[in-house]
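K.L.:
Predicted model and sequence follow; I will ask about them next.
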Amino acid sequence: MPSRPHRLRRAPAAATAGRAVAAGLLALLTLGIGAPATASPGVPTGVSAGAPTGVSARQGLAREPEQVAFRLRDSRITESSGLAASPTHPGIVYTHNDSDDAPRFYAVGTDGRTRAAYTLSGASARDWEGMAAARDPRTGRSYLWFGDIGDNLDGAWRDISVYRVPEPRRLSGGVLPATRYRFRYEDGPRNAEGIMVNPRTGRLYVVSKEMNGSVYEAPARLRTDRVNTLRRVAAAPLMATDAAFAPDGNSFVIRTYFSAQYYRRLGEDGERIAVPSGGQQETVTYTADGRALLMGTEGADSPVWRVPLPASASPAPSGEATPTPSDRPQKSEKPDKSGKSDKPGEAGGSSTGQGNTFGLIMLGAALAAAAIGVIAWIAYRQH
């Protein structure tokens, strides 16, 4: 959800400066929308390095046109801010509202009709911004994860929370007891809207929503008795609004306001996927078979689009993928003795320089817009 700062009355001079800043930011957004999709994080730990390479960036992911799969027709769903396909119930997706709702989620069928609604006990909904659904690789039990990770003031909340509940076996509605995990970023608080869980490892990731965003990795073993540290492992595209792993864990997608980025293997740049136009671009998940994406927007009666993936991006037949060491459940948090760095652009030869450069360009443009505002304010005072 976009930032909603408190509005204050301003003096005329400040208003003049504000208009100049607004003009600069409008230009910035225009630049962001039209910029090529070169922002590319390295793949978070757990994505197979041996997976087949996707189509080239020049080809993009051109394919048959996307289509509306269904609409969220429940009048209670007004700001869908998270989306996840059920690993258990065919044809069911889960969604939740933004910060104006209780800690509640909905099970929705492919006709857009709500099958069940659930409330989480022991949870709050300060600013829910994303969700994920994945099976535990050790037990095979599927879980739903809900990210109370939004921070529209970019640093107001010292800690964030992610709640986990077992996926309901029957879609009958009711109250589910939630397990709460508290997190803190290693480099300070920030806004985020995307969470994803690798089904091959059970590892949780949080994707920040910033001009120069990042992918953060949670510890392999989460603790409920203390705050868990989120470690930065990669860069992320500009203003990410959601993220999701494929059901087989061999690829993942990060969505932004302007496009989506598809990632396949370690060291590979993201490939741009065009997002449907219209509405506030907010959510993404893979279909249960992993052969397409579902993308949603905020608003009442909002559409959920089906965006196909090309054949080269389809899931590999069972047994073909060869896990890397990072795909296996980790037993400790000891440093890598190989000397490989976890910094973006250094792990496994991952190239993230383009993503960081693009983010810095955007940041520079924002600073330039602010400078224009200051100049306008000075000029006003001189008159």
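P.N.:
Done, it's in. This is a predicted model, so every value here is computed, not measured. Numbers count the residues shown, from 1 in each chain.
K.L.:
what distance separates the start and the end of stretch 107-120?
P.N.:
Length of stretch 107-120, first residue to last, CA to CA, to the nearest Å: 14 Å.
K.L.:
which residue sits closest to residue 179, ignoring its sequence neighbours?
P.N.:
residue 164 (4.8 Å; CB to CB, 6 or more residues apart in numbering). Where C-beta positions appear, they are placed from N, C-alpha and C, glycine not excepted.
K.L.:
you'd agree that neighbour is in a helix?
P.N.:
No: under DSSP: H, G, I helix; E, B strand; the rest coil, residue 164 sits outside any helix and is assigned strand.
K.L.:
So it sits against residue 147, correct?
P.N.:
No: with contacts counted by CB atoms under 8 Å, residue 164 stays clear of residue 147, the gap being 10.5 Å.
K.L.:
So which of the two has more stuff around it?
P.N.:
Taking neighbours as other CB atoms under 10 Å, residue 164 and residue 147 compare with residue 147 leading, 28 against 18.
K.L.:
The one helix or strand that one maps to pairs with which strands?
P.N.:
Assigned by DSSP states H and E, residue 147 belongs to strand 142-148. Taking DSSP bridges as the criterion, strand 142-148 sits next to strand 130-135 (antiparallel), strand 160-166 (antiparallel) in its sheet.
K.L.:
Burial-wise, tell me which of those strands comes out on top.
P.N.:
Most buried of those, by mean neighbour count (mean count of other CB atoms under 10 Å): strand 130-135, with a mean of 26.
K.L.:
ok, residues contacting that strand?
P.N.:
Residues outside strand 130-135 that contact it (CB atoms under 8 Å, 6 or more residues apart in numbering): 81-87, 94-96, 105, 141-147, 149, 167, 192-199, 202, 204, 242-245, 283, 285.
K.L.:
Low-confidence ranges, the protein, go.
P.N.:
The model of the chain has pLDDT under 70 over residues 1-65, 265-267, 310-312, 314-383.
K.L.:
Residues in a beta bridge with residue 184, which ones?
P.N.:
Counting by DSSP bridges, residue 184 forms beta bridges with residue 229.
K.L.:
Do I have it right that it meets residue 228?
P.N.:
Yes: contact criterion CB under 8 Å: residue 184 and residue 228 qualify, at 7.5 Å.
K.L.:
who has more neighbours, these two?
P.N.:
Remark: of residue 184 and residue 228, residue 228 carries more neighbours, 18 against 15, as counted by other CB under 10 Å.
K.L.:
which residues does that one contact?
P.N.:
Per CB under 8 Å, 6+ apart, neighbours of residue 228: 181, 182, 183, 184, 218, 219, 222.
K.L.:
in the residues you listed, which two residues are the furthest apart from each other?
P.N.:
Pairwise distances across the contacts of residue 228 (CB to CB) peak at 12.9 Å, for the pair 184 and 222.
K.L.:
do you know how far residue 71 is from residue 138?
P.N.:
Distance, residue 71 to residue 138, by CB to CB, to the nearest Å: 37 Å.
K.L.:
again but with residue 109, I slipped
P.N.:
In this view, residue 109 and residue 138 are 30 Å apart by CB to CB.
K.L.:
So between the two, which is more surrounded?
P.N.:
Using other CB under 10 Å as the criterion, residue 109 and residue 138 rank with residue 109 on top: 15 against 9.
K.L.:
for that one, which residues make a bridge with it?
P.N.:
Beta-bridge partners recorded for residue 109 (DSSP bridges): residue 92.
K.L.:
ok, it touching residue 94?
P.N.:
No: Residue 109 is not in contact with residue 94 according to CB under 8 Å; the separation is 11.2 Å.
K.L.:
Return the residues in contact with residue 143.
P.N.:
Residue 143 makes contacts with 133, 134, 135, 136, 164, 165, 166, 167, 197, as judged by CB under 8 Å, 6+ apart.
K.L.:
The third one: what's its closest spatial neighbour, skipping adjacent residues?
P.N.:
Okay, so that is residue 135. Residue 135 sits nearest to residue 142 (CB to CB, 6+ apart), 4.7 Å away.
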